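**Q** okay, sequence plus prediction incoming.
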Number of protein chains: 4
Amino acid sequence: MRKVKVIQQVGAKPSRPEASLWKSSKQRQSERIDKRTAVLSIAAEMFLERGSHRVSLNDIADQLNITKPALYNYFSSKDEILIECFRQSNRVIVAQLEAIENSGGDGLSQLREFIQCYARVITADHGSIMVRLEDRELPDDLRQEVRRYKRGIDTRVRAIIAKGIGDKSIVVCDIKLTTFAILGALNWIGQWFRSDGPTDPNHIGKEFAARLTTGLAAGALRRAR
Amino acid sequence: MRKVKVIQQVGAKPSRPEASLWKSSKQRQSERIDKRTAVLSIAAEMFLERGSHRVSLNDIADQLNITKPALYNYFSSKDEILIECFRQSNRVIVAQLEAIENSGGDGLSQLREFIQCYARVITADHGSIMVRLEDRELPDDLRQEVRRYKRGIDTRVRAIIAKGIGDKSIVVCDIKLTTFAILGALNWIGQWFRSDGPTDPNHIGKEFAARLTTGLAAGALRRAR
Amino acid sequence: MRKVKVIQQVGAKPSRPEASLWKSSKQRQSERIDKRTAVLSIAAEMFLERGSHRVSLNDIADQLNITKPALYNYFSSKDEILIECFRQSNRVIVAQLEAIENSGGDGLSQLREFIQCYARVITADHGSIMVRLEDRELPDDLRQEVRRYKRGIDTRVRAIIAKGIGDKSIVVCDIKLTTFAILGALNWIGQWFRSDGPTDPNHIGKEFAARLTTGLAAGALRRAR
Amino acid sequence: MRKVKVIQQVGAKPSRPEASLWKSSKQRQSERIDKRTAVLSIAAEMFLERGSHRVSLNDIADQLNITKPALYNYFSSKDEILIECFRQSNRVIVAQLEAIENSGGDGLSQLREFIQCYARVITADHGSIMVRLEDRELPDDLRQEVRRYKRGIDTRVRAIIAKGIGDKSIVVCDIKLTTFAILGALNWIGQWFRSDGPTDPNHIGKEFAARLTTGLAAGALRRAR
DNA sequence: AATGAATGAGCTTTCATTCAT
DNA sequence: GATGAATGAAAGCTCATTCAT
């Protein structure tokens, strides 16, 4: 399993020895954030590996060399750790997608761009959180928050396709189903991809872009139905 | 939630009213099978809805109006209930796939056939068991059994694509990744499809076949069906 | 484990074929007793091997090729099976002891006789039931019944020793403690003796008789205190 | 039932009254050990009284006025509580035996010493754990650990007797059986001795030493075989 | 006489969470 | 900020016993 290195950086480089005996409030603050991040990182790692419900707070605490109740200094519940994983993952994904939307190009090239980009995200460290962790674990309100995130991604893809149909770079098709097909193929990557496996993430992106869009290109006389 | 109807059929068609007061040994036998089936059906239902680990034996028993230990008359453990769900699901899928393999046609048409067929299976009642239930819950040997089933499906699809490449009905492509893309899109159906929703399973099959294969067809003028 | 053969003998040798289709009431009766005995035999076997509480009625029934509730035709509870084991065991022991008491000889030779006899009993099949099965398993009344049996043996031995002291064949000693010592050494045989082991039961009896009555001290006049 | 006194000693001798309101870390540490000890003590008590399998963790917890899961702060399983009982008991016994081995004297006097010493141990509080608790309850590895302990005692006694035969203080005899006889008589003490009964442990030791080494036969030259 | 089905009570163990320190 | 201790709730599983058939 890949190791997380965040924790050891805590409290680095005090200019004078005595100074490190008491921490400044700023140090305290940043240390706190670092630790929160470390918890999230380890938790995400373990959640992905075993499924969130098979990871106990004790398991997480053990990996961090702290005790279970210490976690409650940074998170108010296991649910909060989990939802925070989702939030972070979503933030990354959304950031990537926005870049694409703002790029120029017709719908089809944007879609290809998206596919490659999304494949890269999913295959990155912790990238499949949004796709593989179970939101059923969460209480209703948080669960709906996650659903909103997922719907957000869906909506963006639909928009790209709609745009492509509009600018005639993409054939007329059932937008909803086509989106499901593309996102399904991409999300499923999280189920089989192993970072220590033989397959190159970039290759995945290209191949998927080819397989999933060539059939959509309006050019030539090609018709989908 | 959809209701299970199996149990109520018990004791059907007694020739004379009094005769139904005592059950024949054949009736007994079939009743037992019916009950086993009912347990599996309810369990599959709840497993799919909540995830198998969030369904306790008590939950299942309650739905069946029996007590927890009564379940042990039909299954020796929760694991056995779960693996049996997988087995049934696999049996259905394999049966469908074999029909396709034995059908004639070139690789491309077999692939299209497969996509539509598989879409139908996944959208059927309990059809997404193999795809959505967690095998991590299971002990090692059973888990590997499930893995074998999954690999089996994967292998069949790869063979179809390879055949298509061979007979030039399918463009040269990365077989492994293409299989993952197609199966990913199809498996993901289990994540969003609701039988009480607006989308027609047959429509899904057709649209997916179009979207996922037109891009694979070698000839520029080729038609998806 | 030694096998019990009792069951297969049931219903043997009907004089005419048709006759065996219905059993006479006498046959029924004896069959019933045979079966009861078979249950007891198997139960005793398993109780000794694993401890009575680790043997479930299912275990017993399985060995007999019947089902658990069938046992209730012969015994009203698990406790009854257990107490019946104790009773049978006690019956055997008492029968042996009585023979000795009625034999002539002074106290010392009766004691030696007893030791050898008791060693033979303990090492015989099921002979250590009284000594090794737990009466704590039993409800109060039955438990006290067992205690009575045990006290009965104790009393007999004390009587022999008292007789020996009276007829001067045995040295003056603490009768109670001496009895405990002798019975302890003998009862403990049940803890280590294995019928398939290398030690001959008769040898045990002789050696124990020697050691427990003649002592170990080499010098004849040696004094223990 | 005898009470356990360990717990009440907590917080002894605070120099100033207010100081006892907060516990020092050393106090904490010792409190933890005390509590572990208390659990073991109560558990041993109840195991001896009822047999370990008839004592549930709830029973133990109730006696300690805590809840069942609290026990898991001190022991990782019921098995661990049980094996720890065995270990403690063994430690006591071995300590006693070693003293004897290192003492001078011929084999016979060492044997007598041993008998008295062992009688004292068995009659002491929890002294019969090794003899009366069932190791069948334990998983294989722990069970073999217990067996090793028991074999250890056996081996020591055999060695003493062998030594006695060598130095001619003990008659030639079957060493194995003689050891079984002596240890049997002694171990059985655990079955009948009650600390609130009338019999003095020291008296037991002396009487057993006499009976088991000097014998019962009145005539000096009497021979058993 | 024997069975399949069912039950209630019980067991050990796990876990998120709280709280005094 | 961090800890050890404790808890309530729940889980899977076992078992002696009962009962209709």
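**A** It's in. Numbering: from 1, shown residues only, chains lettered A, B, ... in the order given.

**Q** going forward, measure contacts and count neighbours with C-alpha atoms only.
**A** OK.

**Q** is any residue of stretch A:158-165 near chain B?
**A** No: figure legend: stretch A:158-165 not in contact with chain B (C-alpha under 8 Å from any C-alpha of the partner chain); closest approach 12.8 Å.

**Q** an error on my part: the question was meant for stretch A:188-203.
**A** Yes: judged by C-alpha under 8 Å from any C-alpha, stretch A:188-203 comes into contact with chain B through A:188-189.

**Q** quick check: the residue of chain A nearest chain C.
**A** Nearest to chain C, among the residues of chain A, is residue A:54, at 32.3 Å (C-alpha to the nearest C-alpha).

**Q** so what's that residue up against?
**A** Residues in contact with residue A:54 (C-alpha atoms under 8 Å, 6 or more residues apart in numbering or on different chains) are residue A:47.

**Q** and if you look at residue A:153?
**A** Per C-alpha under 8 Å, 6+ apart, neighbours of residue A:153: residue A:94.

**Q** for the one 3 residues further on, same thing?
**A** Listed by C-alpha under 8 Å, 6+ apart, the contact set of residue A:156 reads residue A:97.

**Q** helix or strand for it, which one?
**A** helix A:140-166 (DSSP states H and E).

**Q** what mean pLDDT does that helix have?
**A** Averaged over helix A:140-166, pLDDT sits at 95.

**Q** name the next helix or strand downstream of it, please.
**A** Per DSSP H and E, the first helix or strand lying C-terminal to helix A:140-166 is helix A:175-192.

**Q** what's the neighbour count on residue A:145?
**A** Using other C-alpha atoms under 10 Å in any protein chain shown, residue A:145 has 16 other residues around it.

**Q** now the angle between helix A:175-192 and the helix holding residue A:156, please.
**A** 120 degrees (axes from the mean of the first three to the mean of the last three C-alpha atoms, to 10 degrees).

**Q** so helix A:140-166, near DNA strand E or not?
**A** No: using C-alpha under 7 Å from any atom of the strand, we find that helix A:140-166 stays clear of DNA strand E, coming within 13.0 Å at best.

**Q** can you pull the contacts of residue A:158?
**A** So, once contact is read as C-alpha under 8 Å, 6+ apart, residue A:158 ends up touching A:175-176, A:179.

**Q** buried subset of those?
**A** Among the contacts of residue A:158, the ones that count as buried by 16 or more other C-alpha atoms under 10 Å in any protein chain shown are A:175, A:179.

**Q** so which of the contacts of residue A:158 comes closest to residue D:192?
**A** residue A:179 (81.0 Å; C-alpha to C-alpha).

**Q** do you know how far that closest one is from residue C:101?
**A** Noted for residue A:179: a distance of 98 Å to residue C:101, by C-alpha to C-alpha, to the nearest Å.

**Q** domain assignment for chain A?
**A** According to automatic domain parsing, chain A comprises the domains A:24-75, A:86-213.

**Q** can you get me the start-to-end distance on the first one?
**A** End-to-end distance of domain A:24-75 (C-alpha to C-alpha): 23 Å.

**Q** can you list the weak-confidence ranges in chain A?
**A** Applying pLDDT under 70 to chain A flags residues A:1-20, A:215-225.

**Q** quick one: is stretch A:132-148 near chain B?
**A** Yes: Stretch A:132-148 lies within reach of chain B by C-alpha under 8 Å from any C-alpha, at residue A:136.

**Q** so which bits of that stretch are buried?
**A** A:132-135, A:137-138, A:142, A:145-146.

**Q** please apply the same query to stretch A:197-215.
**A** By neighbour count on 16+ other C-alpha under 10 Å, the buried set for stretch A:197-215 is A:201, A:204-215.

**Q** which of these fall in strands?
**A** Per DSSP state E, strands hold no members of those.

**Q** with distance to residue B:124 as new columns, can those residues be given to me in a markdown table?
**A** Below are these laid out as a markdown table (distance: C-alpha to C-alpha, whole Å):
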| residue | distance to residue B:124 |
| --- | --- |
| A:201 | 33 |
| A:204 | 30 |
| A:205 | 31 |
| A:206 | 33 |
| A:207 | 30 |
| A:208 | 28 |
| A:209 | 30 |
| A:210 | 30 |
| A:211 | 27 |
| A:212 | 25 |
| A:213 | 28 |
| A:214 | 30 |
| A:215 | 27 |
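
**Q** those also near chain C: which ones?
**A** Answer for the buried residues of stretch A:197-215 near chain C: none qualify (C-alpha under 8 Å from any C-alpha).

**Q** so which of those residues comes closest to residue B:121?
**A** residue A:212 (22.3 Å).

**Q** quick one: the closest one from residue A:170, how far?
**A** 12 Å.

**Q** got the contact list for residue A:136?
**A** Residue A:136 neighbours (C-alpha under 8 Å, 6+ apart): A:143, B:50-51.

**Q** state the phi and psi torsions of it.
**A** With angles defined as degrees, to the nearest 10, residue A:136 sits at phi -60, psi -20.

**Q** now it: how far from residue B:55?
**A** Residue A:136 is 12 Å from residue B:55, by C-alpha to C-alpha.

**Q** can you map out the helices along chain A?
**A** Here chain A has its helices, by DSSP state H, at A:25-50, A:57-64, A:78-102, A:107-123, A:129-132, A:140-166, A:175-192, A:201-213.

**Q** for stretch A:183-198, list the C-alpha coordinates in PDB.
**A** Extracted in PDB, the C-alpha atoms of stretch A:183-198 (Å, rounded to 0.1, in the frame of the first residue of the first chain):
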ATOM      1  CA  LEU A 183     -19.400   8.100 -17.300                       C
ATOM      2  CA  GLY A 184     -20.100   4.400 -16.600                       C
ATOM      3  CA  ALA A 185     -17.100   3.300 -18.600                       C
ATOM      4  CA  LEU A 186     -15.000   5.900 -16.900                       C
ATOM      5  CA  ASN A 187     -16.200   5.400 -13.400                       C
ATOM      6  CA  TRP A 188     -15.700   1.700 -13.700                       C
ATOM      7  CA  ILE A 189     -12.000   2.300 -14.200                       C
ATOM      8  CA  GLY A 190     -11.900   2.700 -10.400                       C
ATOM      9  CA  GLN A 191     -13.000  -0.900 -10.000                       C
ATOM     10  CA  TRP A 192     -10.200  -2.500 -11.900                       C
ATOM     11  CA  PHE A 193      -7.300   0.000 -12.100                       C
ATOM     12  CA  ARG A 194      -4.400  -0.700  -9.900                       C
ATOM     13  CA  SER A 195      -1.700   2.000  -9.700                       C
ATOM     14  CA  ASP A 196       0.900  -0.800  -9.500                       C
ATOM     15  CA  GLY A 197      -0.500  -2.600 -12.400                       C
ATOM     16  CA  PRO A 198       0.800  -2.600 -16.000                       C
END
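
**Q** can you list contacts of that stretch?
**A** Under the criterion C-alpha under 8 Å, 6+ apart, residues A:115, A:118-119, A:122-124, A:128, A:131-132, A:154, A:199, A:208, B:180-189 lie in contact with stretch A:183-198.

**Q** out of these, which are buried?
**A** The buried subset of the contacts of stretch A:183-198 (16+ other C-alpha under 10 Å) comprises A:115, A:118-119, A:122-123, A:128, A:131-132, A:208, B:180-189.
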